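Asks: Quick one, structure for this:
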Amino acid sequence: MLSQDELKTQVGQAALQYVVPGEIVGVGTGSTVNKFIEALASMKTQIKGAVSSSEASTARLKALGIPVFDANEVDELSVYIDGADEIDNQGCMIKGGGAALTREKIVAAQSRRFVCIADESKLVSVLGKFPLPVEVIPMSTRRVMRQFAAMGGAVTLRLRDGKPLVTDNGQHILDVTGLQIRDALAFESQVNQWPGVVTVGVFAHQRAQVCLLGTAQGVKTLNF
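Replies: So this is what the prediction gives:
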């Protein structure tokens with residue numbers, strides 16, 4: 001039986017087949033993506049570099065000698081490779097467990113193809129069991145919490161060392177449980193319109209086209 005760490009290594013290496021030589025690759029954030037970054041170092045001379053979705057991934061890429069470009073320096077990316085906290089059978093995801101959801105969504109929107117890398121525990125029939133991250137402007141926190149409570153959600157402010165976590169964008173994160181998100185596209189559109197919401201961690205408008213799923217039987221490819 002492969003450990004979760006081994007499954008992550010497996011899908012991280014499998015994602016290399018989607019990297020286009022001579023181009024800039026979009027790179028996400030998280031423990032599974034860290035495995036992809038390690039694998040990407042093996043072909044760093046074949047690519048121009050990367051656009052990263054977090055300060056943590058940027059530091060990791062640079063440490064391995066992979067050039068990192070600002071998103072504004074690049075018009076379009078051929079592929080964006082990132083993990084997910086949950087993914088359904090349509091390629092819609094919940095993301096943001098690592099607090100990088102806004103930048104992840106920006107880089108995903110800049111890319112022609114989103115390749116999700118995950119282990120099989122992340123595949124669900126309905127999104128919502130994993131706490132839904134929502135990046136908010138701090139002054140809107142209480143009002144946004146009340147709006148989710150009216151939907152039936154239980155909301156907590158994400159803390160780090162006893163204080164509100166501050167994202168790379170200087171904002172806060174709410175985590176929402178108790179929701180079943182059956183129409184991910186409509187839900188994302190609705191919540192993104194609430195004043196004070198920077199980004200909701202539902203990726204339906206920027207869903208995955210491919211998911212490389214780490215299983216005990218090897219990497220399973222899902223196309224959406």
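Asks: Now do the most centrally placed residue in the chain against residue 202, distance only.
Replies: Centroid check for the chain by Cα atoms, centre = their mean gives residue 95 as the closest residue, at 4.5 Å. Separation of residue 95 from residue 202 (Cβ to Cβ, to the nearest Å) stands at 8 Å. To be clear about C-beta, it is placed using only N, CA and C from the backbone, and glycine gets the same treatment.
Asks: For the residue nearest to the centre of the chain, give me the pLDDT.
Replies: Among the per-residue scores, residue 95 shows a pLDDT of 98.
Asks: before we move on, what about residue 207?
Replies: For residue 207, pLDDT reads 98.
Asks: So for it, what's the nearest residue that isn't a sequence neighbour?
Replies: Closest residue in space to residue 207, ignoring its immediate chain neighbours: residue 91 at 4.2 Å, by Cβ to Cβ, 6 or more residues apart in numbering.
Asks: How many residues are close by the residue nearest to residue 87 when sequence neighbours are not counted?
Replies: Among residues not flanking residue 87 along the chain, residue 93 sits closest, at 4.7 Å (Cβ to Cβ, 6+ apart). By other Cβ atoms under 10 Å, the residues close to residue 93 number 31.
Asks: Pairing-wise in the sheet, spell out the partners of residue 93.
Replies: residue 87, residue 203 (DSSP bridges).
Asks: Residues contacting stretch 40-56, please?
Replies: 16, 19-29, 58, 61, 64-71, 74, 77, 82, 98, 100, 103-104, 106-107, 110, 168 (Cβ atoms under 8 Å, 6 or more residues apart in numbering).
Asks: Many thanks, we can stop here.
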